[in-house]
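Novice: return a 3D structure for these sequence lines:
(2 chains)
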Amino acid sequence: MEEVPHDCPGAESAQAGRGASCQGCPNQRLCASGAGAAPDPAIEEIKEKMKTVKHKILVLSGKGGVGKSTFSAHLAHGLAEDENTQVALLDIDICGPSIPKIMGLEGEQVHQSGSGWSPVYVEDNLGVMSVGFLLSSPDDAIIWRGPKKNGMIKQFLRDVDWGDVDYLLVDTPPGTSDEHLSVVQYLAAAHIDGAVIITTPQEISLQDVRKEISFCRKVKLPIIGVVENMSGFVCPKCKKESQIFPLTSGGAEAMCRDLKIPLLGKVPLDPHIGIQEFCSPHQSKEENLISS
Amino acid sequence: MCSEGLWSLENTQPPNFCFSPELGNLADVQHIILVLSGKGGVGKSTISTELTLALHREGKKVGILDIDLCGPSIPRMLRAQGRAVHQCDRGWVPVFVDREQSISLMSVGFLLENPDEAVVWRGPKKNALIKQFVSDVAWGELDYLVVDTPPGTSDEHMAVVEALRPYRPLGALVVTTPQAVSVGDVRRELTFCKKTGLQVVGVVENMSGFVCPHCAECTNIFSKGGGEELAQLAGVPFLGSVPLDPVLTRSLEEGHDLTQEFPKSPAFPALTSIAQKILDGLPARLS
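Specialist: Sure thing, here's the model as predicted:
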């Protein structure tokens, strides 16, 4: 019996509305009518825009709260330490945009020019874009369904004037849904270098991360490697190490060995991150990534 | 009598359940609590599970509905991974996780053939499954239904609030961790509650302090106090702080019998107090 695909084949696919996984989807009739068949012109527009961006890296997890945004921010700062490297950080977590807070950019606004939206520059060679900059109050909630979120992501990729960029880092929300499908689909013609996947040591995170890895394989997104975050805590008083998030199943190391994916490094818990709320350049595993 | 059959994610069109629409599968559920955050990784699933166990210890029959379709964590926490879901004429039979059948659970986790398989669905299909989870699970008589949600303020959240609206859910328990980056997202979740007319039962601050097992020094790894400040700012009750407990985390991870392990944890008094506030403070649902 052939394997039944469970996932949305995509509104543009030949299987749209016809696949077995389309049964029960409220959009089935619309897709089957061929309404989504024509490729989105934005994909070509984004390909053009991305010609000035050398490397595109997605930061994914699957699990929430493992430190994707913290890691993305630190990596961006690490790469930008070389003032000749142009870095861009795009936050596509529409519901929970953490990057402005982590980068110390709360309250900043986005300006428009003839060539599009200008990113917010935290340094001359580090520009940031997030839906957080478009909200007027910290209490504003973005209560949008999938299609509207997808539209925002399309705009971020097509309408932001990134200029010449060496590295575009894309911070994502947890999960394997609209935002993830959209960013992969919109960047399909522009070539993504790959994904860095963040996890914490415990199985409850690895369980979701394996799904994210499965997602990457399904959409043919290369995996650069995995980073194990919150890996150990050193007590500031007695200096002894504790595993707050215990490795019950061998942690990221065992998972990477099983799935034959590089483990890029382990980053310990640092209470200062919680207190300072915006990062200073961190001598962590950015160097591994920069050299690889 | 129930006519049983196995149901899996492949046949996403369940058979016509012919039961009286007035009764509905939630008719005998007394209270419904949505566990929300906005921020990922703050412990919604852990708190949902611990709250269920605390309510159960007070003699209540509790069901958990896990609507995190991309990252369903509850089956593992209650040692129920790999269990099959059966159908009856009232709908799907929830999985019972204890011998007395007083804790029941439904999760997309049960519908996956392979636990590493990703559910890569866009909004509309997620909404459809959530509506089915709300109306087509034969919960029977429950004192409490705890609904565990994914992070965010999007499709799943809108779908579940819309689907539960006819049942006048009790309200939302909002989980945060102490630090500003969590509080930032949780403020937005409180706005979501306001906009959707969902009463906030209270805020719980999780991962609030870690006591070093070697020297007993308490370090606020994720900062401190954000949850209480947030509750005050938003004018909602602060239900309490739950400390980090690696022993309990390990038990959840390794699938130990939590009904034995949980009472020994430093998190236990905090969760018992939170459960008590819920039991005391909240009016019964009008039937």
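Novice: phi, psi for the residue sitting nearest the centre point of chain B please.
Specialist: Ranked by distance to the mean C-alpha position of chain B (CA atoms, centre = their mean), the top residue is B:Asp148 at 2.6 Å. The phi and psi values for B:Asp148, taken as degrees, to the nearest 10, are phi -90, psi 130.
Novice: please look at it and B:Glu50 and confirm they touch.
Specialist: No - using CB atoms under 8 Å as the test, B:Asp148 is too far from B:Glu50 to be in contact (11.4 Å). C-beta coordinates here come from the backbone N, C-alpha and C atoms, glycine included.
Novice: low-confidence ranges, chain B, go.
Specialist: Judged against pLDDT under 70, the low-scoring parts of chain B cover residues B:1-23, B:168-169, B:282-287.
Novice: where along it do the strands fall?
Specialist: Ranges of strands in chain B, per DSSP state E, are B:29-36, B:62-66, B:86-88, B:91-93, B:95-96, B:103-107, B:142-148, B:171-176, B:200-205, B:210-211, B:218-219, B:238-241.
Novice: using TSV, lay out those strands together with distance to chain A.
Specialist: As requested, those are arranged in TSV below (distance: least, CB to the nearest CB, whole Å):
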stretch	distance to chain A
strand B:29-36	11
strand B:62-66	13
strand B:86-88	15
strand B:91-93	14
strand B:95-96	18
strand B:103-107	12
strand B:142-148	12
strand B:171-176	11
strand B:200-205	13
strand B:210-211	6
strand B:218-219	6
strand B:238-241	15
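Novice: can you put those in TSV and add distance to A:Lys220?
Specialist: As requested, the strands of chain B are arranged in TSV below (distance: least, CB to CB, whole Å):
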stretch	distance to A:Lys220
strand B:29-36	34
strand B:62-66	30
strand B:86-88	36
strand B:91-93	35
strand B:95-96	35
strand B:103-107	29
strand B:142-148	32
strand B:171-176	36
strand B:200-205	41
strand B:210-211	41
strand B:218-219	43
strand B:238-241	45
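Novice: how about the strands of the stretch 51-200 of chain A, start to end?
Specialist: With DSSP state E, counting those that start in this stretch applied, the stretch 51-200 of chain A shows strands at A:53-60, A:87-91, A:111-113, A:116-118, A:120-123, A:126-130, A:165-171, A:194-199, listed in chain order.
Novice: mean pLDDT lowest where, among these?
Specialist: Comparing mean pLDDT across those, the weakest is strand A:111-113, with a mean of 87.
Novice: excluding chain neighbours, what is closest to A:Pro262?
Specialist: What sits nearest to A:Pro262 in space, not counting adjacent residues and going by CB to CB, 6 or more residues apart in numbering or on different chains, is A:Gly225, at 3.7 Å.
Novice: the residue of chain B most remote from its centre and A:Ser242: what is the separation?
Specialist: Centroid-distance maximum for chain B: B:Cys215 at 34.3 Å, with CA atoms, centre = their mean. Using CB to CB, to the nearest Å, one gets 10 Å for the distance from B:Cys215 to A:Ser242.
Novice: again, but for B:Leu252
Specialist: For B:Leu252, the distance to A:Ser242 equals 17 Å [CB to CB].
Novice: settle it for me: which of these two has more neighbours?
Specialist: Applying other CB atoms under 10 Å in any protein chain shown to B:Leu252 and A:Ser242 shows that B:Leu252 carries more neighbours, namely 27 against 20.
Novice: and that one, what is it in contact with?
Specialist: A:Ile204, B:Thr46, B:Thr49, B:Arg76, B:Met77, B:Leu258 (CB atoms under 8 Å, 6 or more residues apart in numbering or on different chains).
Novice: spatially, what comes nearest to the residue in the stretch 101-250 of chain A that chain B sits nearest to if we skip its sequence neighbours?
Specialist: The nearest approach of the stretch 101-250 of chain A to chain B comes at A:Gly146, 2.9 Å away (CB to the nearest CB). Setting aside the residues directly before and after it, A:Gly146 is nearest to B:Gly123 in space (CB to CB, 6+ apart), at 2.9 Å.
Novice: how about B:Thr49?
Specialist: What sits nearest to B:Thr49 in space, not counting adjacent residues and going by CB to CB, 6+ apart, is B:Met77, at 4.6 Å.
Novice: who are the contact partners of the one you found?
Specialist: Residues A:Ile204, B:Ser45, B:Thr46, B:Thr49, B:Leu252, B:Gly255, B:Leu258 are the ones in contact with B:Met77 under the rule CB under 8 Å, 6+ apart.
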